[in-house]
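Chemist: here's a sequence, model it:
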Amino acid sequence: MKAVIPAAGFGTRFLPATKSQPKEMLPIYDRPTLQYLIEEAVASGIDDILVITGRHKRSIEDHFDKSYELEYSLQKAGKDRDLKKIRTITDLADICYVRQKNLKGLGDAVSASRRHVDGEAFAVLLGHTVTKSQTPCTRQLMDAFNKYQTPTVALKKTESDLNRYKVTESEKIAENIYQISGITGRPQIKSAPSNLAIMGRYILTPEIFDAIEKTEIGFNDEIHLTEAISKLDSVNGVVFEGKSFYIENRLDWLEASIEFALDDGEFRDDLLNYMKTYI
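Modeler: A predicted model of the protein is given here:
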């Protein structure tokens, strides 16, 4: 299976940091956000990845390309650990790029992958969510898709912040598996059809491209992917077993950075001691 990662937006919520730097290249702790997504795809068994980019996104390609000068400098300095990290990035997967020429929303971005996926089911990973789990989120979706052969979205159970997500109307059909009959955009808690929110991971089939073409331009003059998904004959949802970070603003991004930093045994104790001075 191939993976598609849309990365063409302006990232205005993170201005001024994203004025010339792609939002997807902002680091969460010690690596760019986009690298977490690609590592998730690779850990799920995917080695063919298409990144949908836009203008001023060249640093994305540079990050995953080979850097002969940097490798030579690290090797000459005897920095073998850093050299290994750099080479690992280059060798992660076969990564291709295509530009979204007109920024008309997520649905339009996904439609740019039509030729690349070549009539096969494919994964979509959105950069506003990074995950931590024993089994990668995308792998969990792939396993469900392989069983049911139905477009599949990742779901998270949430109560307090439903108005940040697209929320599903659904019926449980197996452990952690739901059949989705409707999608509501960012509802208030009292009017939400459930507590199951879509969290930025999908397995889609080629039928999505015709559905996107039939989807009218909506809010913010964009073609919304979830609206196209709601036009499909059947869609399943998988409740993700793990932790997800919805990094759509600076506070969420900072919280994710701290959590990933605490996973690093080299700095964990020092970071905790520093944080305690403010608690």
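Chemist: contacts, neighbours, all on C-alpha from now
Modeler: Fine.
Chemist: and the gap between the most centrally placed residue in the chain and Ser181?
Modeler: Nearest residue to the geometric centre of the chain (Cα atoms, centre = their mean): Leu126, 2.7 Å. Leu126 sits at a distance of 22 Å from Ser181 (criterion: Cα to Cα, to the nearest Å).
Chemist: show me what contacts the residue nearest to His224 when sequence neighbours are not counted?
Modeler: With sequence-adjacent residues excluded and distances taken as Cα to Cα, 6 or more residues apart in numbering, His224 is closest to Gly107, at 5.1 Å. Applying Cα atoms under 8 Å, 6 or more residues apart in numbering, we find Gly107 in contact with Ile212, Glu222, Ile223, His224, Leu225, Thr226, Ala228.
Chemist: and the fourth one, how far from Glu71?
Modeler: According to Cα to Cα, His224 stands 42 Å off from Glu71.
Chemist: the two: which has the busier surroundings?
Modeler: A direct count of neighbours by other Cα atoms under 10 Å for His224 and Glu71 places His224 higher, at 21 against 18.
Chemist: phi, psi for the more buried one please.
Modeler: phi -90, psi 130 (degrees, to the nearest 10).
Chemist: now do it, the pLDDT please.
Modeler: At His224, the pLDDT value in this model is 92.
Chemist: quick check: it touching Ala211?
Modeler: No - in this structure, His224 is not within contact of Ala211 by Cα atoms under 8 Å, at 10.8 Å.
Chemist: which residues of the stretch 51-200 of the chain fall in helices?
Modeler: For the stretch 51-200 of the chain, applying DSSP state H, counting those that start in this stretch gives helices covering 58-64, 68-76, 80-90, 106-111, 114-117, 137-148.
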